[in-house]
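S.K.: Next one to model:
(2 chains)
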Amino acid sequence: MIRFADTLVARVLLVSLLGITIFHVLSLWTYEHTLDRELAQAQDDQLAERLISIKRSVAAAAEPQREALAHHLSGGPIQAHWSRSRGAAPGGPGAARWTGLISLLVSRSQDLTAKDIIVGTGGDAHVALVSVRLPDDSWLNVNLFAAGKAEVSGHGHLLSTSLMAVGVALISMLMATWLTRPLRRIADAVSKLSIDERSAAIPERGPREVRHLAASFNAMHRRLVDLILRRTRSLAAVSHDLRTPLTRLRLRLADLDNSELQRALASDIDEMEQMIEATLSYLKGQETTEPPRPIDLVSLLETIVDDARDEGRDAELIAPPTLVIHARLMGLKRALSNLIGNALRYGSQVRVRIEPGNGEVIVTIDDDGPGIPERQLETVFEPFVRLEDSRNAETGGVGLGLTIAKSNIEIDGGSLLLRNRPGGGLSAIVRLPCGGVPPSRAKASAS
Amino acid sequence: MTAGSHEIRPAPAPGTTEAHILVVDDDAQIRQLAAKLLRGHGYRVSLARDGREMREALQTAHMDLVILDIMLPGGNGLDLCREIRAGSSIPVIMLTALGSDTDRIVGLEIGADDYLPKPFNPRELLARINAVLRRARGSAANPQSNAIHLVFEGWSLDTRRRELTNPSGAVVDLSTGEYDLLLTFLEYPQRVLTRDQLMDGAKHRTATGFDRAIDIQVSRLRKKLEGDPGAPEMIKTIRGTGYMFVPAVSRA
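M.R.: Numbering: from 1, shown residues only, chains lettered A, B, ... in the order given. Take a look at the predicted model:
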C-alpha cells in the first residue's frame, strides 16, 4: 500500500489545499447568500418605486383614462390594470416572499397603510397579484412576475478557484521543499555517517529545530564511536596480549617428548590462534589496507583444496586452468578458506566449482553435511551467532567465520549466499565481479 | 635430516659454520625459550630486550641474522628494522602481529628479509631462518643472488613478499611447500635436482620423507605454472632421478 501523503512536501501541500478549499467554499457561500439578499432588496425597491408611481399616476388621472394609463405604464415584471373591484385575494403559496414589498410600499408612501395593500398569489408562486387601494376606493390590480435570480456564471467560479488552487499548490510545494531541505540534508549526512572516529560530523546549520537535530545526532555519534573504540581497543589488546603466552607455549611444546601430547596441544594452540585471528580480523572490519590486485582465483582455491587433501579430506576442485579476477588476495583467501573450512567441518565430502559467468565468476562450495535450518540461513552471517544444533558445540570457532567471509567478499564487490542443497548438504555460492576494466584501475586512470 | 653431502645443501650443518643469531624480544621467557630452541639446532644465540641492547649486541659481535619482534614496547620494531637496514645488510626476520597485513607489508618495504606472524610455529621459524641464511650466503658468494625478484618466462617470484606473479601480472597463490619448492628450482635452474635435494628445500613441511610427497608438490606447482594451455613446460621430469627447471632465471 502506498502511504498517503508520505513526504513532508505532500503533507504541506495537502494542508494548504484543504485550507484554501474550506476557506473558499465558506466565503463563496457567504458571498452568494449576501448577494442574493441584496439583489432581492434592490428588486423590491425598484418594484415599490414603480408601483407607487403607477398608483399616483393612475389616481391622478380621470376614470376613463385610468385603465389605459395603467396599461401604458405596465412593462417588465409589472402588468397593471385599474378596476373598481379588488383583484387580489390575500394568501396563496409563496405569499410570504412579498411581505417585504408591502412594508416597503407602506414606508415609501404616506397615504398607504398595510390594509390598503393586498397581496396574494394565485396558483403560481412566481406570479403575485397586488391590489392597491386608491384614495377613491377603486383598485389598482397589478400582476407581478417574480424576477428570476440573476444567474452568476458557475464556470467562472470553478476556473478562478482551480487557478487559485494551482497557484497555492505551486507556492506551497516550493515553500515545503525549502522548509524540508535542511531535513533532507541531515538525512543524507546521517546515512553517510559510519561508526568510526574519522567520519565527519553533520553540519549544524539551518533552522533551530534542524540545528538541534544535527547536534543530537552528532552527540549520539560521538558516544557510539567512543563506545565502539573502547571495546575494540580492549578486545584487540586482549588478543594481542595472548600472543606472548601462546608463543611461549609453542616454544615449550618443542621440548616435549610425548609426541602424541605434543600434537594434541599444538592443535589446541592452533585453534586458539584461529579464534584470536578471526576476532581481530572481525574487529578490523572493513578497514583494510590491502589494495585490490589481479589474482589467479584458481591457484588460490587449489592451495586451499590441496591443503584439505593433505589432511586426508575428500575435497575436489572443478575449475578452468586459470581465471584472473581483481580482488584483495588476503581478504579473499580468508573468506574462501573460511567457507571451505566450514564445509569440511560439517561435511565429509566437499566439492568446489569455479564457473565463469557473464561479467562475474561463481564459486560454489558444496558439502554433504546437515545443512542449515532455512530460518537460520540469514542469521548465521551475524557475528558470534552459532547454530543451535547441539552437534555444532564440538566444532569450535567463535562464530565469526561466515561474518568475515561475507564481509571480505563484499569488499571486493561480490556476494555470498548460502543455500541448502536438495539432496542434503549446504551450498555456499560466491559471486565475484570479473572481466571488464577493474574498478580501481578505472579510478587510477581517471585521476 | 640427511647429512650435508649435497653440494646444494641449504642449511648450515650443526657444528660447522654455526650462524650467530640475535633474538630481539621484550618477553624474557620467549627469549630464553627461543635461545634454547635455536641452540638445540646448532646456532649461536645472543639475546636483546630492546633497541639499546640490540645496538650493543650488534656492535660487540658479528651477527648473521636478527629475529626482531615488531611489537616492542617503546621503540617501534619497524624503526629498529629500518635502523639495522641503514647500517648493514644483515638479514632480518620480523615477528609480526597475527593477521596484521600492514605490519607485514611495511616491514617488507623497509627491508626485512622475511616475516613470521607471532605466535609462530617453532618448526616454521627454523625453516625461515634456514631459508634466509641460505639466501644470504648465496648472496655473499654471488652478490646478485640476494635479489628480491626472480624472473623466468615473464613470471616473477618476489622473495620478500613470498609472492608469484604470472606474465599478465596476476598474483598466483602458492602454498608454503610450493613456494619453497619453486624457490629451490629458481636458485638452481636448468640443473637436474634429485627428490632429496628438493626435499631439503622444503624440509619444514609436515610431509614425511616419502618421495611421493615431492611428486605431489611438483605436480601441483606444475599445474599452477603451466595451467594455461599452450604454456611452455617448465618443470621437466627426469626419469629415475628427479626434476629439472627448464627456463632461464634472471634476477632483478
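
S.K.: C-alpha only now, for contacts and for neighbours.
M.R.: Noted.

S.K.: ok, what's across the strand from A:R293?
M.R.: Beta-bridge pairing for A:R293 (DSSP bridges): A:A327.

S.K.: That one: what's it in contact with?
M.R.: By C-alpha atoms under 8 Å, 6 or more residues apart in numbering or on different chains, the contact list for A:R293 reads A:H326, A:A327, A:R328, A:L329, B:A170, B:V171.

S.K.: what do you get for A:N141?
M.R.: By C-alpha under 8 Å, 6+ apart, the neighbours of A:N141 are A:A80, A:H81, A:W82, A:S83, A:R86, A:G87, A:A88, A:L129, A:V130, A:S131, A:V132.

S.K.: Phi, psi for the first one please.
M.R.: Taking degrees, to the nearest 10, you get phi -100, psi 140 for the backbone angles of A:A80.

S.K.: What number of neighbouring residues does it come out with?
M.R.: Residues near A:A80, counting by other C-alpha atoms under 10 Å in any protein chain shown, number 26.

S.K.: bridging residues for it?
M.R.: Taking DSSP bridges as the rule, A:A80 bridges to A:V142.

S.K.: measure it to chain B for me?
M.R.: The gap separating A:A80 from chain B is 115 Å, by C-alpha to the nearest C-alpha, to the nearest Å.

S.K.: Show me the two of the contacts of A:R293 that sit farthest apart.
M.R.: In the contacts of A:R293, the most distant members under the criterion C-alpha to C-alpha are A:R328 and B:A170, with 11.6 Å between them.

S.K.: ok so, going back, pick the one among the contacts of A:R293 closest to B:V192.
M.R.: Using C-alpha to C-alpha, the shortest approach to B:V192 within the contacts of A:R293 belongs to B:V171, at 27.5 Å.

S.K.: Phi and psi next, for that closest one.
M.R.: Backbone torsions of B:V171, given as degrees, to the nearest 10, read phi -80, psi 130.

S.K.: Could you do A:G91 as well?
M.R.: Per degrees, to the nearest 10, the backbone of A:G91 is at phi 90, psi -160.

S.K.: Show me the helices in chain A, by range?
M.R.: Along chain A, counting by DSSP state H, helices occupy A:8-60, A:63-73, A:99-108, A:154-192, A:208-241, A:243-253, A:259-284, A:297-310, A:329-346, A:401-411, A:439-446.

S.K.: could you redo the ones you listed as TSV and give each row distance to A:S138 and mean neighbour count?
M.R.: Converted to TSV, the helices of chain A look like this (distance: least, C-alpha to C-alpha, whole Å; neighbours: other C-alpha atoms under 10 Å in any protein chain shown):
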stretch	distance to A:S138	mean neighbour count
helix A:8-60	9	15
helix A:63-73	10	16
helix A:99-108	18	17
helix A:154-192	47	15
helix A:208-241	84	15
helix A:243-253	132	19
helix A:259-284	116	17
helix A:297-310	124	20
helix A:329-346	119	21
helix A:401-411	110	23
helix A:439-446	111	10
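
S.K.: can I get these in a markdown table with distance to A:L432 and mean pLDDT?
M.R.: Listed next are these as a markdown table, based on distance: least, C-alpha to C-alpha, whole Å; pLDDT from 0 to 100:
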| stretch | distance to A:L432 | mean pLDDT |
| --- | --- | --- |
| helix A:8-60 | 41 | 84 |
| helix A:63-73 | 103 | 85 |
| helix A:99-108 | 93 | 79 |
| helix A:154-192 | 25 | 80 |
| helix A:208-241 | 30 | 82 |
| helix A:243-253 | 34 | 87 |
| helix A:259-284 | 21 | 80 |
| helix A:297-310 | 10 | 92 |
| helix A:329-346 | 10 | 90 |
| helix A:401-411 | 8 | 87 |
| helix A:439-446 | 13 | 38 |
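
S.K.: Turn those helices into CSV, including distance to B:C81.
M.R.: Formatted as CSV, the helices of chain A follow (distance: least, C-alpha to C-alpha, whole Å):
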stretch, distance to B:C81
helix A:8-60, 61
helix A:63-73, 128
helix A:99-108, 115
helix A:154-192, 40
helix A:208-241, 21
helix A:243-253, 20
helix A:259-284, 25
helix A:297-310, 31
helix A:329-346, 24
helix A:401-411, 31
helix A:439-446, 32
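
S.K.: Most neighbours of all the contacts of A:R293, which one?
M.R.: Neighbour max across the contacts of A:R293 (other C-alpha under 10 Å) = A:A327, 28 neighbours.

S.K.: That one and chain B, how far apart?
M.R.: Computed as C-alpha to the nearest C-alpha, the A:A327 to chain B distance reads 10 Å.

S.K.: re earlier: narrow the contacts of A:N141 to just the buried residues.
M.R.: Buried by 16 or more other C-alpha atoms under 10 Å in any protein chain shown: A:A80, A:H81, A:W82, A:R86, A:G87, A:A88, A:L129, A:V130, A:S131, A:V132, out of these.

S.K.: just those now: which is nearest chain B?
M.R.: Ranked by distance to chain B (C-alpha to the nearest C-alpha), the buried ones among the contacts of A:N141 are led by A:L129 at 111.3 Å.

S.K.: So which bits of chain A are right by chain B?
M.R.: When proximity is defined by C-alpha under 8 Å from any C-alpha of the partner chain, chain A lies next to chain B at A:240, A:243-244, A:246-248, A:250-252, A:254, A:273, A:277, A:280-281, A:289-290, A:293-297, A:299-300, A:303, A:321-322, A:324.

S.K.: try 6 Å
M.R.: A:R243, A:L246, A:T247, A:R248, A:L251, A:P294, A:I295, A:D296, A:S299, A:L300, A:T303, A:P321 (C-alpha under 6 Å from any C-alpha of the partner chain).

S.K.: nearest to A:A70, of these?
M.R.: Using C-alpha to C-alpha, those come closest to A:A70 at A:P294, 114.6 Å.

S.K.: In three-state terms, label B:M71 for me.
M.R.: coil (DSSP: H, G, I helix; E, B strand; the rest coil).

S.K.: any idea how far it is from B:D114?
M.R.: For B:M71, the distance to B:D114 equals 16 Å [C-alpha to C-alpha, to the nearest Å].

S.K.: So these two - more neighbours on which side?
M.R.: More crowded of B:M71 and B:D114, by other C-alpha under 10 Å: B:D114, with 22 against 19.

S.K.: Alright, calling it a day.
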